[in-house]
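**Student:** pasting a predicted model and its sequence here:
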Amino acid sequence: MSDVLMPSPNLDVACFQVPSSSALETKVPSSHPPKILLLYGSLRERSYSKLLTLEAARLLEAMGAEVRVFDPLDLPQPDAAPESHPKVKELRDLAAWSEGMVWCSPERHGAMTGIMKSQIDWIPLSVGAVRPTQGKTLAVMEVSGGSQSFNAVNQMRILGRWMRMITIPNQSSVAKALLEFDEAGRMKPSAYYDRVVDVMEELVKFTLLTRDVAPYLVDRYSERKESAEELSKRVNQSTL
């Protein structure tokens, strides 16, 4: 870094990096289908968030993705069961498996549901040295019983950012959801359906674009610095 003018003496030169387009080039791009996990936020027998999620899953499969839909039934409340609980383990294994996710929640009392939040809360920020969500893509959707709202999708965007996910720009909000699905549970033709197609298409594109370079995209100066300091302390500690 000797040929780079440092903007501040506070900067750790050894940990500072200049972002490079060459680091974003993948020599051998992944050829397997994008792996997408879908979560929905209701346990009702006729759950519109589940029906919308299943529509999204069909679209993703048609676009060449491999999908898994997690059923939140019997998932315990966070901290009410050990991490070894079968449903917790299933969810965490799927989160680790995935390269992208779809979160779909009803809007209840102006917010995402507790069912949706519980699933997200059970996905840890880190497991040892592995962070199950960072660098993965995310699409957010919501359904509401009344007029169109964006409270739930906005909340989920905040959570996605907190979990260091790449949340795509597009999103879906289906108003008066009970009118948008037929008796068989399939979504009727509408501008709402077209938007869901848009969102899933964008999710697949962003997943293909970022999955091979996700570790580089989420690599941080502050964490490189912290790791270097910890390594220095461990190497230089005196032997008793």
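**Tutor:** Yep, it's here.
**Student:** please make it C-alpha for all contacts and neighbour counts, starting now.
**Tutor:** Will do.
**Student:** name the single longest strand found in this protein.
**Tutor:** What stands out as the longest strand in the chain, according to DSSP state E, is strand 100-108.
**Student:** by contact count, what packs against the next helix or strand after it?
**Tutor:** Per DSSP states H and E, the first helix or strand lying C-terminal to strand 100-108 is strand 111-112. Using 3 or more C-alpha pairs under 8 Å, 6 or more residues apart in numbering; DSSP states H and E as the contact test, the elements touching strand 111-112 are helix 151-162.
**Student:** send me the helix it packs on as PDB with only the CA atoms.
**Tutor:** C-alpha atoms of helix 151-162 as PDB (Å, rounded to 0.1, in the frame of the first residue of the first chain):
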ATOM      1  CA  ASN A 151     -44.900  -2.200   6.600                       C
ATOM      2  CA  ALA A 152     -44.000  -5.900   6.700                       C
ATOM      3  CA  VAL A 153     -41.700  -5.800   3.700                       C
ATOM      4  CA  ASN A 154     -40.000  -2.700   5.100                       C
ATOM      5  CA  GLN A 155     -39.400  -4.500   8.400                       C
ATOM      6  CA  MET A 156     -38.000  -7.500   6.700                       C
ATOM      7  CA  ARG A 157     -35.700  -5.300   4.700                       C
ATOM      8  CA  ILE A 158     -34.300  -4.000   7.900                       C
ATOM      9  CA  LEU A 159     -33.800  -7.600   9.200                       C
ATOM     10  CA  GLY A 160     -32.100  -8.600   5.900                       C
ATOM     11  CA  ARG A 161     -29.700  -5.700   6.200                       C
ATOM     12  CA  TRP A 162     -29.000  -6.600   9.800                       C
END
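**Student:** pull out the buried residues from it.
**Tutor:** By 16 or more other C-alpha atoms under 10 Å, the buried positions in helix 151-162 come out as 151-154, 156-157, 159-160.
**Student:** what of stretch 30-49?
**Tutor:** Those would be 34-42, 47-49, for stretch 30-49 by 16+ other C-alpha under 10 Å.
**Student:** and it, how far apart are its ends?
**Tutor:** Using C-alpha to C-alpha, to the nearest Å, the end-to-end distance of stretch 30-49 comes to 31 Å.
**Student:** any idea how far it is from the chain center?
**Tutor:** When C-alpha coordinates are averaged (C-alpha atoms, centre = their mean, to the nearest Å), stretch 30-49 and its chain have centres 12 Å apart.
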